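**Q** got a sequence here, can you model it:
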Amino acid sequence: MRYAMDRQALLTSLDMSRKQQLEFKDQFLSHVSHELRTPLTCIHQFVSILLDGLAGELKSEQRDHLETAMRSVNQLRHMIGDLLEATRAESGKVALSPRCMSIADAIRQAVAMFRASAERKRVGLEVALDVRTPLVYADPGRIVQVLTNLLDNAIKFTPPDGSVVVSTRLFETDKEFVYVSVSDTGRGISREGINLIFERLYQDANAIDDSRKGLGLGLYIAKQLVQRGGGRIWVESQAQQGSAFSFTVPVFSLDKLLVPVVSDGGKLRDVISLIKITLKHRSHVAVNWDGSQQQCLELIQSCLYTGRDLVMAAPSDGLNQDSFLVIASADMNGAAVIEKRISDQLHLEEEFKTACTLGTSVREMQLPDAQAGESLEAVVHGIAEQIMHSPFMQNGNLSSASN
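**A** Prediction:
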């Protein structure tokens, strides 16, 4: 008994020591990264001034040297960001804000970021989306981050006249996930490397040369983000035949979220209401919309009844607007009260009042009676399908994404 207690005390002490070490490392790297970013930002600004010709006309050779310096500065900034992200992942401090989103939109956004670099290298960059690809439940920013890490490697290690393809697939045997793949026609990964490729700081000697080396953190970060989002990631590769990095993303399901909204004491309510809220951004106002969307989501949530009403961010039909869907346990009269409460609250916020215009629409939905022998789960599933595929929702671009 005494031995067991001493052993437990030792394990507790070791665990606390490890946590303190991680905390110290996190604080140290945060401080160092800040100190490094300050001079790097200064160098970036002055090199930009020179490249823009604001300090005088440049000769061809001078421009080449400055462009090399700029690439090195950008590479250092990227490395510092990766180092911080890897430390946060190790200490469990990576923040995710999952929501209903279109994986197709995230793929197109990531691919657009690499289109120019692929063209410069004469590497084909294609998108092949399954037309049945549904909405997923994930953090849009993190999904784009995973895709950019995979695309950066794919283009980097694919020779000229090769190709990179980003695709989505669905499998009947695993309906809860969308499969996303980034495949290339590069030199491939060694057999030993396949087992180690997602380890922190690992670099496959067969896949890199001195001009392509980094910290070896990109794939480690991608793995952490995918796993924390409820998916998994893996690679398939053969020497001289390219590689295919794949990961899964959970399919968005309204069913479980709907249960407390549509049921009352185990019985279905007679009616619910759908409230669509659209914030259209004023193009001349500069706003960090990623942060504002989360702020808006929390603000709308504060106007609802916890456990009875549901709000979620929804894919919008344009880059200059955000859409939100509220599903409320209320009839049209009750929904009108909620709609006014949300509108009044948003107009109190100076950022939203000056930077966007607010649009709302409401629809009442009669709930079906359960048939003999039909479970509550089956009825809720039918209601979720009806909501997601109704014309009201499709106008808000809440239906499944297509290619």
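
**Q** only C-alpha atoms from now on, for both contacts and neighbour counts.
**A** Fine.

**Q** can you give me the helices in this structure?
**A** Secondary structure of the chain (DSSP state H): helices at 2-51, 60-90, 103-120, 140-156, 191-196, 218-228, 255-262, 289-301, 332-348, 350-355, 376-388, 391-394.

**Q** residue 353 contacts residue 343, doesn't it?
**A** No: using CA atoms under 8 Å, residue 353 is not in contact with residue 343, being 10.4 Å away.

**Q** of all the helices of the chain, which one is nearest residue 178?
**A** helix 103-120 (8.7 Å; CA to CA).

**Q** and the contacts of the closest one?
**A** With CA atoms under 8 Å, 6 or more residues apart in numbering as the test, helix 103-120 has contacts from 124-125, 127, 129, 133, 135-136, 140, 143-144, 147-148, 151-152, 155, 166, 401-403.

**Q** in ChimeraX, select just the buried ones from the residues you listed.
**A** Selection of buried members from the contacts of helix 103-120 for ChimeraX, criterion 16 or more other CA atoms under 10 Å:
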select :124,125,127,129,133,135,136,140,143,144,147,148,151,152,155,166,401
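
**Q** please parse the chain into its domains.
**A** Listed by automatic domain parsing, the domain ranges of the chain are 2-90, 99-250, 255-394.

**Q** so which of the ones you listed is the most packed in?
**A** Per residue and on average, the most neighbours among the domains of the chain fall to domain 99-250, with a mean of 18 (mean count of other CA atoms under 10 Å).

**Q** first-to-last residue distance for it?
**A** Taking CA to CA, to the nearest Å, the first and last residues of domain 99-250 lie 11 Å apart.

**Q** could I get the average pLDDT for it?
**A** On average, the pLDDT along domain 99-250 is 88.

**Q** now swap in stretch 71-87 and tell me
**A** What stretch 71-87 shows for mean pLDDT is 72.

**Q** cool, and stretch 356-370?
**A** Taken as a whole, stretch 356-370 carries a mean pLDDT of 84.

**Q** common neighbours of residue 353 and residue 343, please.
**A** By CA under 8 Å, 6+ apart, no residue touches both residue 353 and residue 343.

**Q** the nearest residue to residue 147 once chain neighbours are set aside and residue 137: what is the separation?
**A** Spatial nearest neighbour of residue 147, excluding adjacent residues (CA to CA, 6 or more residues apart in numbering): residue 110 at 6.3 Å. Per CA to CA, residue 110 is found 18 Å from residue 137.

**Q** wait, residue 222 sits on residue 144?
**A** No: Residue 222 lies out of contact with residue 144 (CA under 8 Å); the separation is 10.2 Å.
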